[in-house]
Every structure is written in structure tokens, then in C-alpha cells.
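Colleague: Sequence and predicted structure are below.
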Amino acid sequence: MTVQGWIDPGDLGVTDAHNHLWIDPPPGAPPTAPRLDDPIGIHKELSDYKAASGGAIVDCQPGGCGRDGRVLKELSASSGVHVIASTGFHRRLYYPPGAWIFQAGAEKARDYFIHELQIGLAEAGGQAESIRAGVIKVACEARLADTPQALLEAAAQASRLTGVAIEVHTEQGSAAEDILLYFQDHEVPPTRLVLCHVDKRPDPGLHRALAGAGALLEYDTFYRAKYAPEINLWPLLEGMVQHGWASQIALATDMADPGMWTRLGGGPGLTGFARGIRDRLYALGLGAAIDQLIGGNIAGRLTRPVS
């Protein structure tokens with residue numbers, strides 16, 4: 001399910017599995033909240049991405065902290081890039097004080113998530129053609145116990161009832177094992193999970209265990225020097241592929257900072273994903289796995305029953 005409607009999973013093509021295309025923080029949001037609100041620059045970069053064989057992007061900004069599905073739909077239509085929107089919740093620090101989602105019980109939050117998945121995004125309710133979410137985003141704290149438990153339960157229920165995958169923000173890979181067990185205990189199979197940012201915890205044994213359980217591991221520190229990708233990410237990725245885990249990894253860039261975008265701040269940007277990262281994968285001799293890593297795996301995880 002994209003912001004423009006249903007498509008065949010095979011039509012996604014090269015896909016950034018976790019990114020942010022539009023963030024317009026609501027009134028009262030902390031001044032440190034990230035902001036991406038230059039429609040012209042974002043459109044140009046998406047067009048560059050399309051020209052570099054980019055096909056799709058999973059936008060992981062849920063409602064209430066800067067998402068606007070109407071803008072996502074306009075950007076998708078004007079650039080030709082498929083966009084998958086998210087329902088769910090982000091970390092509390094990105095919302096205004098007293099945001100309703102953190103006061104809601106599991107049932108109310110579940111119904112909200114399901115409405116956005118099956119009917120339409122809250123901010124697009126008045127449009128003749130609904131704009132629907134295609135994935136559930138949840139944001140976990142470093143300790144799972146510090147994550148809003150009602151919202152975790154709501155996400156698990158929504159996933160069980162709709163068959164939709166859950167992309168899980170982890171704090172630098174923390175609590176990944178606990179997150180996996182939590183959702184298993186709540187009858188969400190690992191084959192419906194995407195564990196994000198886990199390359200910030202580059203423990204090959206842990207990654208093999210998570211992948212072996214069926215979770216899809218999302219790696220995205222390619223542009224983040226402080227996480228030393230040449231020392232951590234690239235050797236981890238190469239080793240995982242060589243040991244047969246290419247089917248359990250999805251690559252992304254997570255560019256909530258405009259400085260990482262070419263058109264907005266001079267960074268490697270979306271074309272860096274579609275060209276530079278892909279070229280490096282070929283140079284490493286990972287050709288047979290590349291289509292899985294940069295599109296096929298996340299497309300498979302996003303596939304859901306048509307409703």
C-alpha cells in the first residue's frame with residue numbers, strides 16, 4: 001500500500017527501507033525536533049533519485065509529529081517515486097506536551113492505527129481518494145520497559161488484525177532481543193518485524209540470531225561518521241551476506257537531518273543510496289544479493305492482504 005494506492009510488490013524496485021521525506025513539527029513540538037519542509041528541494045531530490053533508478057521509499061514519520069500524507073502523495077505523484085506512509089508512534093520527545101497518543105489506551109490507539117491502514121491517514125480524511133498507511137512504525141526506548149506499553153500492545157493488535165508489518169525504531173540496537181520476544185509473546189511473528197538501526201550494535205552473533213528467528217534487520221548508518229561505518233557497518237553487512245543472511249537484511253539511509261540530503265545540505269542524499277551504496281555492493285562482489293538488500297526484502301515484508 002503506497003500513498004497513491006495498491007501496487008504490485010515487484011514494482012517497488014530500489015527501495016530505501018527507512019527514511020523521512022517530510023517533517024513539519026506541530027505547534028508546541030520541541031525546538032530540537034527535526035524539520036524537513038522544503039517541498040521544492042525534496043521534490044528535486046526525489047526526481048534525482050528516480051533518475052538514478054530509485055523506485056520507492058518507506059517514510060517512517062508517523063502522525064502527530066510532523067507527517068503530512070497529502071504532501072507525501074504530491075511528492076510521490078510529481079517525482080514518480082513510490083512512497084509508503086507509516087501509522088504508529090515515534091519517541092515522545094518529538095511530540096508536543098500532552099500529545100493524545102500517549103494518553104490513549106491500547107484499544108483507542110489500535111483503532112487509530114487500523115483506521116489509518118484501512119481507511120485513511122488522519123490529516124487526509126477529507127480527500128475524495130483516501131491516503132493510507134502501508135506499515136506500522138513503533139519507537140522503542142533503550143529499555144523496553146520505558147516504551148509506552150499501551151502503544152506497543154496497540155501496534156501488536158493492529159498487526160495481528162491487518163497482517164501489516166511493524167518497523168521498530170531501536171535505540172542503537174538496544175533491547176532488540178526483548179523486542180523480538182515481546183512481539184512473539186503478543187502473537188506477532190518475527191516474519192512481520194523490521195528491526196531498525198541495529199547496525200549501530202554490530203554484534204554478528206546477535207544479528208545472526210535475530211535473522212535466524214525471522215526478523216528483517218535494517219541497516220542505515222552509511223552516512224553517519226560517528227558510527228564508523230567503514231569499521232562497523234560494511235564488515236558486518238559483508239559478513240552477514242557471506243554467511244547466507246542476505247534475505248534478512250534491508251538497507252536504508254534514515255535522513256531526518258536535511259544536511260544529509262544533497263539538495264538540502266550537500267550530503268550524499270538519495271542518489272547516494274541508489275548509486276553509491278549499490279556500486280559499493282557490486283564492488284564487494286555481492287551482486288547476487290543486491291536486489292534483495294536494496295528492495296526485494298523490504299518489498300516482501302510490506303506485502304499484505306489487499307483490503
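Modeller: Alright, I've got the coordinates. These numbers were taken from a predicted model, which means no experiment stands behind them.

Colleague: what about this structure, any weak spots by pLDDT?
Modeller: Residues of the chain meeting the criterion pLDDT under 70: 126-128, 307.

Colleague: try 90
Modeller: 124-130, 288, 304-307 (pLDDT under 90).

Colleague: Now do the helices in it.
Modeller: 39-51, 69-79, 106-118, 149-162, 176-185, 204-213, 233-242, 262-265, 269-271, 278-283, 287-291, 297-302 (DSSP state H).

Colleague: Distance from the chain centre to the fourth one, please.
Modeller: Mean-position distance between helix 149-162 and its chain equals 17 Å (Cα atoms, centre = their mean, to the nearest Å).

Colleague: What residues of it count as buried?
Modeller: Buried residues in helix 149-162, counted by 16 or more other Cβ atoms under 10 Å: 150-160, 162. Using the backbone N, CA and C atoms, a C-beta is placed for each residue, glycine as well.

Colleague: What lies in contact with that helix?
Modeller: 87-89, 101-102, 104-110, 112-114, 117-118, 136, 138, 140, 164-166, 182-183, 186-188, 192, 304-305, 307 (Cβ atoms under 8 Å, 6 or more residues apart in numbering).

Colleague: same thing with the shortest one?
Modeller: Applying Cβ under 8 Å, 6+ apart, the set of residues contacting helix 269-271 from outside is 16, 19, 45-46, 48-49, 52, 54, 57, 253, 255, 260-263.

Colleague: can you list the helices of the chain in CSV and add distance to Ala29?
Modeller: Shown next, in CSV, are these (distance: least, Cβ to Cβ, whole Å):
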stretch, distance to Ala29
helix 39-51, 19
helix 69-79, 17
helix 106-118, 19
helix 149-162, 18
helix 176-185, 26
helix 204-213, 33
helix 233-242, 30
helix 262-265, 19
helix 269-271, 25
helix 278-283, 35
helix 287-291, 38
helix 297-302, 28
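
Colleague: Can you say which of the contacts of helix 149-162 are buried?
Modeller: Buried among those by 16+ other Cβ under 10 Å: 87-89, 101, 104, 106, 109-110, 112-114, 117-118, 136, 138, 140, 164-166, 182-183, 188, 192, 304.

Colleague: Closest to the centroid, which residue in this protein?
Modeller: His18 (3.1 Å; Cα atoms, centre = their mean).

Colleague: Next, count neighbours for the closest residue to it other than its chain neighbours.
Modeller: Excluding the flanking residues, the one nearest His18 by Cβ to Cβ, 6 or more residues apart in numbering is Ala252, at 3.8 Å. By other Cβ atoms under 10 Å, 27 other residues sit near Ala252.

Colleague: Ala252 touches Glu218, doesn't it?
Modeller: Yes. Under the criterion of Cβ atoms under 8 Å, Ala252 makes contact with Glu218 at 5.5 Å.

Colleague: what touches both of these two?
Modeller: 17-18, 196.

Colleague: Of those residues, which belong to strands?
Modeller: 17-18, 196 (DSSP state E).

Colleague: Would you list the phi and psi of the residue nearest to His18?
Modeller: Backbone dihedrals for Ala252, given as degrees, to the nearest 10, come out at phi -160, psi -180.

Colleague: how close does it sit to Leu93?
Modeller: To Leu93, Ala252 is 21 Å away according to Cβ to Cβ, to the nearest Å.
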